[in-house]
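> okay, predicted coordinates and the sequence, questions at the end:
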Amino acid sequence: ELVVVVEDVVEDVVDVVVLVFVVELVVVDVVLLVEEVVVVVLVFVVELVVVLVLLVVVVVDELVVVDVFVVELVVVVENVVEDVVDVVVLVFVVELVVVDVVLLVEEVVVVVLVFVVELVVVLVLLVVVVVDVLVIVDVFVDELVV
């Protein structure tokens with residue numbers, strides 16, 4: 001009976017070590033998620049600043065176009081071409097921002113799913129440990145009674 005009790009205690013210690021390992025994995029996943037969110041937010045802010053600068057350039061170019069239109073038609077055509085290029089670049093930057101946001105959402109969903117699975121594993125291990133402790137206490141009490 002004592003050997004069985006010792007074996008149960010060893011199994012419980014192993015279960016606790018596995019539980020600590022799973023908790024460490026969850027913490028690492030959360031830290032990695034926070035790092036990725038910070039990077040995506042910084043990229044989004046930089047891209048937003050680029051878009052705003054391009055919009056200002058387009059507006060200034062249009063004001064200059066209106067001023068110069070009467071004097072030089074060639075300059076107007078060049079400015080319009082530059083504006084079209086600016087708008088194409090702006091659309092490309094907006095597409096990049098949308099792709100970044102979609103990728104971030106996908107990564108958040110994956111990390112949340114992994115966290116839920118790891119949490120279920122931790123809870124199952126806790127139940128196993130509690131049951132083992134109860135069995136050990138029961139065997140010990142039975143031995144004391146005998």
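Structure's in. What do you need?

> so which residue is smack in the middle of the protein?
Closest residue to the average C-alpha location of the chain: L33 at 3.6 Å, with C-alpha atoms, centre = their mean.

> doesn't E107 make contact with it?
Yes. Judged on C-beta atoms under 8 Å, L33 makes contact with E107 at a distance of 7.2 Å. (Glycine included, C-beta is placed from N, CA and C.)

> how about the helices in this structure?
Counting by DSSP state H, the chain has helices at residues 2-68, 73-145.

> in terms of secondary structure, what does the longest one contact?
Packed against helix 73-145, as judged by 3 or more C-beta pairs under 8 Å, 6 or more residues apart in numbering; DSSP states H and E, are the following elements: helix 2-68.

> quick one: mean pLDDT over the helix it packs on.
Average pLDDT, helix 2-68: 87.

> from the chain's centroid, how far away is that helix?
4 Å (C-alpha atoms, centre = their mean, to the nearest Å).

> show me what that helix packs onto, helices and strands only.
The helices and strands touching helix 2-68, judged by 3+ C-beta pairs under 8 Å, 6+ apart, are helix 73-145.
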